[in-house]
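Asks: Sharing a sequence plus its predicted fold:
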Amino acid sequence: MRRLRKTKIIATLGPSSSSASMIEALHLAGADVFRLNFSHGDHKDHEERVDTIRALEKNSGRPIGILADLQGPKIRLGTFKDGPVLLENDAMFRLDLDETPGDKTRVSLPHPAVLESLEEGSILLLDDGKLKLTVMEAGTDFADCEVTVGGKISDRKGVNIPNALVRMSPLTDKDRKDLDFALSLGVDWVALSFVQRPDDIAEVKKIVAGRAAVMAKIEKPAAVEALDGIIDLADAIMVARGDLGVEMPIQEVPAIQKKIISRAREAGKPVVVATQMLESMIAAPVPTRAEVTDVANAIYDGTDAVMLSAESAAGEYPLEAVSMMNDIAEVTEKDPMYQGIIDSKHGTLEATTADAISAAATQVASTIGAASVVTYTTSGSTALRAARERGKTPVLVLTPSLKTARTLALVWGLHCVHTSDAKNFAEMVDKACKISFAEGFTRPGDRVVIMAGVPFGTPGSTNILRIAWVGEQ
């Protein structure tokens, strides 16, 4: 199954997309990676979905990636004694640790670490930013606030704190249990919510211990400020525009999205754009023109993948949403301006043999009109370098590691095949030509550019560039 686009598609599974027939249909329509949202569903649900995906993978012969998205710390208010209350502008309102049901003067905020992080001038946004409080005085167990933007508030509404670094781990007790379970299922990616600093990534990577790749979700101002350090430690980045659009002025989100994509591309780290991409398709069979433009703009910026959330998980038209995302990506990438825009945002190469070989392979393939670039990789690092070049020639990845093939399923432009490693130079060329032909990339008489490393099977040893002709197969 060869995609006619290089941008990958991540589809979230949920009530609308849990059956084996629907998961297969979504994969055929364009889903390269499936997301398990641990904010919803129980472990049994997720296990059944993983089993279904792995069975589909075996039957289709195509590596499929699985992303486990952890819920993260959800900061919520307590309850109110007599139902919703109206907070009026300029009124004073206290947040404290007292779990007694609240009223129009106070309510519980049962998060000691949050209260300890607040100081005079801190801003709190309630109910997805509908209400705004400004802290006038704070202690270790309370915060007296002025209502800056009032409105009706009710039980358990969410709280965002845009201008404070909250001294709490991004992993809750629930997240730790979910993480252990997800790793036991063999997921390929783990997405960490509400990252604030590089140390958050380091904490999770220590637990994961190489069993999966770690994706940092950028959805807080503190994460934007610490972006370079987070990118250095994370294996991939997600532009999570939901909370980002609440905690920062919404008009700044497009520029921040472009900045994150650009920085991730420069570092050679995969980047995903997510949240509300085709939101109207939750209830309608076609998206708005603005949504189509939003998806296309992310593709023009060179994002590795675009993600569907509720559209495929709980919407009425999950298959149509994936098909539409696929169609947008195909048409956008056919635009004559697309490759020029992509080429104008090229990152700086590292002074390594592997980077030099990858850049040279892309250039040589373009110059001679090669049908494909074939890269052998065990760890995936060579393939990531090839993807960072964002060349116009298709990249075929041959790897003896099924885990690596699954992980690379969300990376721009990579078509992964799980196969045994080459044992010698002649086999390297022969296997590259045969598989390139079998996968539909080449015809007899075409040329392929091959990247590999000697000694064969040694991770990180890319040091060979070879041009080969594809003969009769």
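Replies: Happy to help now that I have it.
Asks: gap between the residue nearest to Leu131 when sequence neighbours are not counted and Ser117?
Replies: Counting by CB to CB, 6 or more residues apart in numbering, Gly151 is the residue found nearest to Leu131 once chain neighbours are left out, at 4.8 Å. From N, CA and C alone the C-beta is placed, and that goes for glycine too. In this view, Gly151 and Ser117 are 24 Å apart by CB to CB, to the nearest Å.
Asks: again with Asp42
Replies: 32 Å.
Asks: what about the two, which has more around it?
Replies: Higher neighbour count among Asp42 and Ser117: Ser117, with 17 against 8, using other CB atoms under 10 Å.
Asks: Just give the closest residue to the more buried one, not the sequence neighbours.
Replies: Nearest to Ser117 is Val166, by CB to CB, 6+ apart, at 4.6 Å.
Asks: ditto for Thr52
Replies: With sequence-adjacent residues excluded and distances taken as CB to CB, 6+ apart, Thr52 is closest to Ala20, at 4.9 Å.
Asks: what sits against the one you found?
Replies: Going by CB atoms under 8 Å, 6 or more residues apart in numbering, Ala20 touches 52, 55-56.
Asks: Just to be sure, Val246 is in a strand?
Replies: No - counting by DSSP: H, G, I helix; E, B strand; the rest coil, Val246 falls outside a strand, being helix.
Asks: does it really touch Ile161, like I thought?
Replies: No - assessed by CB atoms under 8 Å, Val246 is found out of contact with Ile161, at 10.6 Å.
Asks: Now do the shared contacts for the two.
Replies: What both Val246 and Ile161 touch, as defined by CB under 8 Å, 6+ apart, is the set Leu125.
Asks: Now Lys431: which helix or strand?
Replies: For Lys431, the host element (DSSP states H and E) is helix 425-438.
Asks: then that helix to CSV, C-alphas only?
Replies: Extracted in CSV, the C-alpha atoms of helix 425-438 (Å, rounded to 0.1, in the frame of the first residue of the first chain):
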residue,chain,number,x,y,z
PHE,A,425,27.3,-5.2,-0.8
ALA,A,426,25.8,-7.2,-3.7
GLU,A,427,22.8,-8.1,-1.6
MET,A,428,22.3,-4.5,-0.5
VAL,A,429,21.9,-3.4,-4.1
ASP,A,430,19.8,-6.4,-5.2
LYS,A,431,17.4,-6.1,-2.3
ALA,A,432,17.0,-2.4,-2.7
CYS,A,433,16.1,-2.7,-6.4
LYS,A,434,13.8,-5.7,-5.9
ILE,A,435,11.8,-4.2,-3.0
SER,A,436,11.7,-0.8,-4.7
PHE,A,437,10.1,-2.5,-7.7
ALA,A,438,7.8,-4.7,-5.6
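Asks: In space, what's closest to Asp343 - neighbours in sequence excluded?
Replies: Arg390 (7.2 Å).
Asks: Wait, that neighbour touches Val411, no?
Replies: No - using CB under 8 Å as the test, Arg390 is too far from Val411 to be in contact (11.2 Å).
Asks: the strands in the stretch 151-300 of the chain, which residues?
Replies: Taking DSSP state E, counting those that start in this stretch as the test, the strands found in the stretch 151-300 of the chain are 151-153, 159-160, 189-192, 213-218, 236-240, 271-274.
Asks: and the longest one, what other elements does it pack with?
Replies: The one in question is strand 213-218. Identification of packing neighbours for strand 213-218 by 3 or more CB pairs under 8 Å, 6 or more residues apart in numbering; DSSP states H and E yields strand 189-192, helix 198-208, helix 227-233, strand 236-240.
Asks: Now render the ones you listed as JSON lines, adding distance to Thr105 and mean neighbour count.
Replies: Supplementary listing: the helices and strands packed on strand 213-218 in JSON lines, determined by distance: least, CB to CB, whole Å; neighbours: other CB atoms under 10 Å:
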{"stretch": "strand 189-192", "distance to Thr105": "37", "mean neighbour count": "27"}
{"stretch": "helix 198-208", "distance to Thr105": "35", "mean neighbour count": "18"}
{"stretch": "helix 227-233", "distance to Thr105": "39", "mean neighbour count": "18"}
{"stretch": "strand 236-240", "distance to Thr105": "34", "mean neighbour count": "27"}
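Asks: residues near the residue lying closest to Thr393 once chain neighbours are set aside, how many?
Replies: In space, Thr393 comes closest to Ala365 once its chain neighbours are excluded; the distance is 4.0 Å by CB to CB, 6+ apart. Using other CB under 10 Å, Ala365 has 25 other residues around it.
Asks: Ala365 looks like it's in a helix, true?
Replies: Yes - assessed with three-state DSSP, Ala365 lies in a helix.
Asks: mind listing what it touches?
Replies: 372-373, 391, 393, 449.
Asks: Just put those residues in CSV and tack on distance to Phe194 and pLDDT.
Replies: Output for the contacts of Ala365, formatted as CSV (distance: CB to CB, whole Å; pLDDT from 0 to 100):
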residue, distance to Phe194, pLDDT
Ser372, 40, 96
Val373, 38, 97
Gly391, 35, 94
Thr393, 39, 96
Val449, 42, 97
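Asks: Relative to Gly471, which of those is nearest.
Replies: Ser372 (14.9 Å; CB to CB).
Asks: does the closest one have beta-bridge partners, and which?
Replies: Val448 (DSSP bridges).
Asks: Might one say that Glu219 is in contact with Leu192?
Replies: No - look at Glu219 against Leu192 with CB under 8 Å: they stay out of range, at 10.5 Å.
Asks: Run a quick check on Gly471 versus Thr442, I expect a contact.
Replies: No - Gly471 is not in contact with Thr442 according to CB under 8 Å; the separation is 10.3 Å.
Asks: So if I had to pick from the two, which one is more boxed in?
Replies: Neighbours were counted for Gly471 and for Thr442 using other CB under 10 Å; Thr442 has more, 26 against 12.
Asks: what about the more buried one, is that helix, strand or coil?
Replies: coil.
Asks: any idea how far Val417 is from it?
Replies: For Thr442, the distance to Val417 - CB to CB - is 13 Å.
Asks: Please parse the protein into its domains.
Replies: 8-72+170-334, 85-160, 353-469 (automatic domain parsing).
Asks: With distance to Ile342 as added columns, please give these in TSV.
Replies: Formatted as TSV, the domains of the chain follow (distance: least, CB to CB, whole Å):
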stretch	distance to Ile342
domain 8-72+170-334	5
domain 85-160	34
domain 353-469	5
